[in-house]
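**Student:** Predicted coordinates and the sequence they were generated for:
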Amino acid sequence: MSSDLPVLLAAVSVLSGLHMGFQSRRVGWSRIKHKILQPSVVGPAEFERTFRAHQNGVEFYPIFLVLLWTSGIFCNEGLSAFGGLLYIVGREMYFTGYISETKKRLPGFYLGLFVILVLSVMASVGIIKSFLDKYLKIEMFERK
């Protein structure tokens, strides 16, 4: 097995997938608590906030995974994985905050958005550097 495998990215990806599954389960528990049968998504405000918080996470998830892997492969795996962990923390803050009151979702939202922005910059810089090096033979940073 190669030591070049992106183990940290894989570990954060699996953890984030488990986290998404756990949040999905919490929507199920809210359905049971409020006696909301599928496919209905209308019910008491707490249920609707729980459902919407999860949907928002589902909507951002592909963006997060693409940026996590791209920034990790083209820029820095360790920093990207750390950003991924921060993103998971932010999504949990968002989820639990949103369930109790819509305004309480904002700290988690801002943390997640910040991580998305940082991963975007890392991915972009890494891709540009790799493109210049591979296709134009311009090495931006010397390798030691």
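**Tutor:** On my side now, so go ahead.

**Student:** what about the protein, any weak spots by pLDDT?
**Tutor:** 1-2, 142-144 (pLDDT under 70).

**Student:** Mind jotting down where the helices sit in it?
**Tutor:** For the chain, helices defined by DSSP state H occupy the ranges 7-34, 45-74, 77-100, 106-135.

**Student:** Just say which of the ones you listed is most tucked in.
**Tutor:** helix 77-100 (a mean of 20; mean count of other C-beta atoms under 10 Å). Quick note: C-beta positions are derived from backbone N, CA and C, even for glycine.

**Student:** check contacts around the nearest residue to Ser30 once chain neighbours are set aside.
**Tutor:** In space, Ser30 comes closest to Thr50 once its chain neighbours are excluded; the distance is 4.3 Å by C-beta to C-beta, 6 or more residues apart in numbering. By C-beta atoms under 8 Å, 6 or more residues apart in numbering, Thr50 lies in contact with Arg26, Val27, Ser30, Tyr98, Ile99.

**Student:** about what we covered before: tabulate the helices of the chain in CSV, adding columns for distance to Phe141.
**Tutor:** Listed next are those as CSV, based on distance: least, C-beta to C-beta, whole Å:
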stretch, distance to Phe141
helix 7-34, 21
helix 45-74, 13
helix 77-100, 15
helix 106-135, 7
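
**Student:** Chain neighbours aside, what residue packs nearest to the one residue sitting closest to the centre of the chain?
**Tutor:** The chain has Phe64 as the residue nearest its centroid, 4.1 Å off, counting by C-alpha atoms, centre = their mean. Leaving aside its sequence neighbours, Phe64 sits nearest to Tyr87 (C-beta to C-beta, 6+ apart; 5.8 Å).
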